[in-house]
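> Quick one: sequence plus predicted model below, questions after.
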Amino acid sequence: MSAKACIDCEVCGRSLSLLGDGKVRHHKRPGRRGAYVDYCSGSGHRQVRWTVGQRLRHHAGSLWAVVEDRKDTPHRDYLVRCLDGAKGNDTGDILVAHGEYMHRDGWTPVEVPA
């Protein structure tokens, strides 16, 4: 029997089992209980870190590349650069993006051409 991979939630830090699609189950923040407590905003979103060089298409249409993974910062940030601007983004723009934001819906991985 193989052990399931565990990972700390990008948002609340709770240790959770990683699902096959790179996401985690819906969960509540540590110390929060009860029917009326909101689920952690990292629930159901990607937890596996993007690799440096990964290209990502934003839902608004622009193409970005991960330049640096700053996972040791308090918000587990990324440094990303715009490769193809759309809707207010210029090619060459640089963004320091909160890890939670980069792991939510709206970012789709794009294959890097060989």
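Done, it's in. No experiment lies behind these values; they were computed from the predicted model shown. Numbering: from 1, shown residues only.
> Kindly state the pLDDT recorded for Lys4?
What the model reports as pLDDT for Lys4 is 68.
> Okay, Gly53 and Trp64: tell me how far apart.
Relative to Trp64, Gly53 is positioned 11 Å away (Cβ to Cβ, to the nearest Å). Using the backbone N, CA and C atoms, a C-beta is placed for each residue, glycine as well.
> Going along the chain, name the strands of the protein.
6-8, 15-17, 55-58, 63-70, 77-84, 94-97, 107-110 (DSSP state E).
> Just list what the first one packs against, helices and strands only.
Contact analysis of strand 6-8 by 3 or more Cβ pairs under 8 Å, 6 or more residues apart in numbering; DSSP states H and E lists strand 15-17 as its packing neighbours.
> The protein - how does it break down into domains?
By the assignment in automatic domain parsing, the chain contains the domains 1-48, 55-110.
> Pick out the shakiest of those, pLDDT-wise.
domain 1-48 - the lowest mean pLDDT of the domains of the chain, at a mean of 80.
> residue contacts, the residue nearest to Asp84 when sequence neighbours are not counted?
Closest residue to Asp84 apart from its sequence neighbours, by Cβ to Cβ, 6 or more residues apart in numbering: Leu63 at 4.0 Å. Taking Cβ atoms under 8 Å, 6 or more residues apart in numbering as the contact definition, Leu63 lies against Arg55, Leu56, Arg57, Cys82, Leu83, Asp84, Val110.
> residues in contact with the most centrally placed residue in the chain?
The centroid of the chain falls nearest to His103 when counting by Cα atoms, centre = their mean (1.8 Å). Shown in contact with His103 (Cβ under 8 Å, 6+ apart): Glu10, Gly42, His45, Arg46, Gln47.
> quick revisit: selection in ChimeraX covering whichever of the contacts of Leu63 are buried, please.
For the buried members of these, the matching ChimeraX selection, counting by 16 or more other Cβ atoms under 10 Å, is:
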select :55,56,57,82,83
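> Redo the contacts of Leu63 as a markdown table? Include distance to Gly22.
Formatted as a markdown table, the contacts of Leu63 follow (distance: Cβ to Cβ, whole Å):
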| residue | distance to Gly22 |
| --- | --- |
| Arg55 | 17 |
| Leu56 | 14 |
| Arg57 | 17 |
| Cys82 | 24 |
| Leu83 | 23 |
| Asp84 | 25 |
| Val110 | 16 |
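> Thank you, goodbye.
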